[in-house]
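Enquirer: Here you go, sequence then predicted model.
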Amino acid sequence: EWPLRPGMWTKFHKSYLTDGCWSPVRPAVFFTSRMDGCLDVWDYMFKQNDPTLSLQVCDEALNCLKVQDSGSLLACGSHSGNVTLLELSESLSQQQRNEKASVTQMFERETKREKILESRYRELKLKERARSQQEERAPEDDEENPEELFQEAE
């Protein structure tokens, strides 16, 4: 019933997304892979509407991603089974000061916004339903009684 809107989204690409994963150490960083062999690195502390970094890893589809638990290495698996191991810079593999609190606040704000939008949506639907019910009743009320018309004319 309620049309949920995503809190985050990527821009349109002709190439489909094939995988995605969060950094295990940076709450604001996640990675997406695409059919065209590109890896996108998203850092919400730096940019929110575009990838922080886009890298052409190979000329075929990237099918899977896996970040090492320490967050410093990223493995990308291709369609043909090749694995590319990438070393991430310190800025992508070490948590920044207040990052966890900032990301938590961002998600809480988005959750509150979604609840407000959902409430407003329900309110509009109720008003619309009441209006349509009122319009359905209106023709019945408007039926003209000849005696009432005669009295109004006098």
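Expert: Thanks, I have it.
Enquirer: Going by C-alpha atoms from here, please, whenever you check contacts or count neighbours.
Expert: Noted.
Enquirer: Need the pLDDT of L4.
Expert: Note on L4: pLDDT of 55.
Enquirer: could you pull out the helices for this structure?
Expert: 90-93, 99-141, 146-153 (DSSP state H).
Enquirer: so what secondary structure elements neighbour the shortest one?
Expert: Spelled out, it's helix 90-93. Helix 90-93 sits against no helix or strand, with contacts defined as 3 or more CA pairs under 8 Å, 6 or more residues apart in numbering; DSSP states H and E.
Enquirer: Render the CA-only coordinates of that helix in PDB, please.
Expert: Only the C-alpha atoms of helix 90-93 are listed here, as PDB (Å, rounded to 0.1, in the frame of the first residue of the first chain):
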ATOM      1  CA  GLU A  90      43.600   4.100   4.400                       C
ATOM      2  CA  SER A  91      40.800   6.600   3.800                       C
ATOM      3  CA  LEU A  92      38.500   3.800   2.700                       C
ATOM      4  CA  SER A  93      39.700   1.200   5.200                       C
END
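Enquirer: Show me which residues of it are buried.
Expert: L92, S93 (16 or more other CA atoms under 10 Å).
Enquirer: that older thread, need the winner for burial among the helices of the chain.
Expert: Across the helices of the chain, averaging neighbours per residue (mean count of other CA atoms under 10 Å) puts helix 90-93 on top, at a mean of 15.
Enquirer: which other residues reach that one?
Expert: S23, V25, R26, V29, D43, S70, G71, S72 (CA atoms under 8 Å, 6 or more residues apart in numbering).
Enquirer: Kindly recompute the last result at 6 Å.
Expert: G71, S72 (CA atoms under 6 Å, 6 or more residues apart in numbering).
Enquirer: Give me the below-cutoff pLDDT ranges for the chain.
Expert: Scanning the chain for pLDDT under 70 picks out 1-10, 138-154.
Enquirer: ok, back up a step: between the helices of the chain, which one is nearest to D50?
Expert: Evaluated with CA to CA, the helices of the chain place helix 90-93 nearest to D50, the distance being 15.7 Å.
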